[in-house]
Each structure stands twice: as structure tokens, then as C-alpha cells.
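S.K.: no sequence on hand, only this structure:
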């Protein structure tokens, strides 16, 4: 790649179980680097100083038998209470954003990386949509998402609870530059990613980049 300013930032949006990670993995195959905000947050939960703050706020019930934060239990608590979720986000979010900024800066200067993909559940909510050159919405039928979420350990109620704290999927789709249908046909999803990425790379330097 040439100029580092020409490296596009692509934001991925979609509901839980829509297949955002699978879409992101296809972008990796095309030469992109993915920044996964959830993975960054999970790593932060292993830090001793963060553990101490979380236990002080939510009690020992969020700690498993190994002394680590039980993410599932913590999720059940905070996604049932908006104030508790806000409290947790105040601890975690600034550190996640700081790490995302570091990684963007790092990847900008690596010539072999063609584009940077942001897989951040609250991309729109925290105002990061404006940082992206392109926004992609991963669309998936609710019943398929529910099945995928079940495999991830969420039941239908937990799925709804979590999504109630985000802007609606309809709004996210409206904001998107492109929509990827990801209901069942993997090869169709792969083709859609390839077509969108080709279009993005062909338009670098034109209006919007």
C-alpha cells in the first residue's frame, strides 16, 4: 500500500449471533487486520487491578473457582440492570478504546495490512461510526441468530436483554453502507465480503476515503 492515510477503516455491525466474527475472518483472508473489542475487554478482565474493582462493585459471586472473573455470571448481572452495566462500562470502555487507538496507529504503519476492520458491539453507540470509512451491517434471521446465540451460551431472554442496551438493528442497517446477508450459505457470505472489499479498495482516494 502507499500512503498510510489511504488505509480504510471498516466497521462491522450486527446483532448477537449474526456472524460478525465469521465476516471479519473473511476480511483477514483478504489482507485486513481485525480489532475485536470483545477480546480486548476479556483480556482486561484478567488484569488484577480490574478484577479488584469488579469484585468490589459486584461481589465475590462474579469470581469462579479458579479466581477469575466469571464472564457469564457478570453478564447476567449487568445486562439485567442498566446502572450496573453503566458502572462496568465506565471501568472497561476507556481502556478498550485506548487499546483500539493503539492498534489502529500500529496497523496504519504496516504496509502488508490493506485495511483495518473494527468488530465493536457498541461501535455506533460510542460514536465510532464516524471513524470508519465504510460501515457494514451483517444481517441474519432472528431464529438463526437465536440458535447461534444458544451455542454461545445465551438463551432468547439473554439475547433480548443484551440487545436492549444497543440501538436497534434496523437503525444500524440504515446507517450501513453495505449489508451482508448471512443466514446459512457460507460461500454466498464469502462472495459478498470479497465484492464489498474489492469495491472499497478500488475507491481508495475517491470521495468518502
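M.R.: Received it, and whenever you're ready, just let me know what you need. Just so we're clear, the structure is a prediction, and the values are computed from it rather than from any experiment. Numbering: from 1, shown residues only.
S.K.: quick one, helices of this protein?
M.R.: 20-29, 37-44, 48-58, 71-78, 82-108, 142-151, 156-163, 169-175, 186-202 (DSSP state H).
S.K.: for these, which one sits closest to residue 116?
M.R.: Residue 116 sits nearest to helix 82-108 of all those, at 5.1 Å, using C-beta to C-beta. C-beta here means a position set from N, CA and C on the backbone, and glycine is covered the same way.
S.K.: which neighbouring elements make contact with that closest one?
M.R.: Where contact means 3 or more C-beta pairs under 8 Å, 6 or more residues apart in numbering; DSSP states H and E, helix 82-108 is packed against strand 32-36, helix 37-44, helix 48-58, helix 71-78, strand 115-119.
S.K.: pick the most deeply packed of the ones you listed.
M.R.: For those, the largest average neighbour count (mean count of other C-beta atoms under 10 Å) is found in strand 115-119, namely a mean of 24.
S.K.: follow-up on the earlier one: now the helices of the chain in CSV, with distance to residue 133 and mean pLDDT?
M.R.: Converted to CSV, the helices of the chain look like this (distance: least, C-beta to C-beta, whole Å; pLDDT from 0 to 100):
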stretch, distance to residue 133, mean pLDDT
helix 20-29, 13, 96
helix 37-44, 18, 94
helix 48-58, 32, 95
helix 71-78, 32, 90
helix 82-108, 12, 94
helix 142-151, 27, 87
helix 156-163, 26, 75
helix 169-175, 14, 89
helix 186-202, 7, 96
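S.K.: looking at those, which is buried most?
M.R.: Highest mean neighbour count of the helices of the chain: helix 20-29, a mean of 18 (counted as mean count of other C-beta under 10 Å).
S.K.: in CSV, list the helices and strands packed on helix 82-108 along with distance to residue 190.
M.R.: Listed next are the helices and strands packed on helix 82-108 as CSV, based on distance: least, C-beta to C-beta, whole Å:
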stretch, distance to residue 190
strand 32-36, 14
helix 37-44, 22
helix 48-58, 37
helix 71-78, 30
strand 115-119, 15
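S.K.: which among these is found nearest to residue 125?
M.R.: helix 37-44 (11.6 Å).
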